[in-house]
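S.K.: take this sequence and fold it.
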Amino acid sequence: MAASRWIESRSAVDNIPGMRDGNNVSNGFTVWFTGLSGAGKTTLSAAVADEIRARGQRVEVLDGDAVRANLSKGLGFSREDRDTNIRRIGFVAKLLSRNDVAVVVAAISPYRAVRDEVRAEIGKFVEVFVRCSLDELIRRDVKGLYERALRGEVAQFTGVSDPYEEPLSPEVVVDTDQEGVEQSVATVMAALERLGYLPSATPSR
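M.R.: Numbers count the residues shown, from 1 in each chain. Just a heads-up that it's a prediction; the model follows:
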């Protein structure tokens, strides 16, 4: 009877993601897009998520604005509140990724220390710096927020009246003012393959 219960229990464990073949390691990982507002994080995160999903991997996208509106509603834009928001995103990403989900995060996440903190918590973490010149950001900004911030009319605006600390050693850098979405996505996917998080794509015949 005890042996029967052990077999049933072992069978159940084998069906838990990340616990197959006696392996305790999850197949999940987190791709974290960081960069200034308007740089292209949301667009790239959606495109990369589609590519990962096409490889048969479960994917969830955590967009910074959506998380702030729901999970972090009520937080302001002080450094403390910004860090709290990023820690909450990181916590959700950690839970998902350890259960075999590929998590794609798009968040300004301006402060280097909290990004590094989240990286250490998650482990399988790919930082993508979405770089774009200020001139191009201003050109793209249909609401005129950058110009207003430069005139001192918008407080705590990241990259103008509030700091943005660029990553020192990101796994990937994409320059969205110099390359198209397809090229940037290809760069990210190549990095995921190189790091062993995704198998190489089979060339189409």
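S.K.: and the nearest residue to residue 147 once chain neighbours are set aside, what pLDDT?
M.R.: Computed as Cβ to Cβ, 6 or more residues apart in numbering, the closest residue to residue 147 that is not its neighbour in sequence is residue 138, at 6.2 Å. From N, CA and C alone the C-beta is placed, and that goes for glycine too. pLDDT for residue 138: 97.
S.K.: again with the one 10 residues further on
M.R.: Residue-level confidence at residue 148 comes out at 96, pLDDT.
S.K.: quick check: closest non-adjacent residue to it.
M.R.: Nearest residue to residue 148 in three dimensions, chain neighbours excluded: residue 154, at 4.8 Å (Cβ to Cβ, 6+ apart).
S.K.: look up phi and psi at the nearest residue to residue 112 once chain neighbours are set aside.
M.R.: Closest residue to residue 112 apart from its sequence neighbours, by Cβ to Cβ, 6+ apart: residue 165 at 4.1 Å. As for residue 165, its main-chain torsions (degrees, to the nearest 10) stand at phi -100, psi 110.
S.K.: what is the burial count for residue 165?
M.R.: Using other Cβ atoms under 10 Å, residue 165 has 13 other residues around it.
S.K.: the residue nearest to residue 148: how many residues sit nearby?
M.R.: Using other Cβ under 10 Å, the number of residues around residue 154 comes to 16.
S.K.: against which helices or strands is the longest helix along the chain packed?
M.R.: Ordering each helix of the chain by length in residues (DSSP state H) puts helix 79-97 first. Here helix 79-97 touches strand 29-34, strand 59-63, helix 64-70, strand 102-106, helix 112-122, going by 3 or more Cβ pairs under 8 Å, 6 or more residues apart in numbering; DSSP states H and E.
S.K.: tell me the mean pLDDT over the first one?
M.R.: Model confidence over strand 29-34, given as mean pLDDT, is 98.
S.K.: what strands flank it, and is each parallel or antiparallel?
M.R.: strand 102-106 (parallel), strand 125-131 (parallel) (DSSP bridges).
S.K.: ok, which of those strands comes nearest residue 44?
M.R.: Closest approach to residue 44 among the strands paired with strand 29-34 (Cβ to Cβ): strand 125-131, 6.4 Å.
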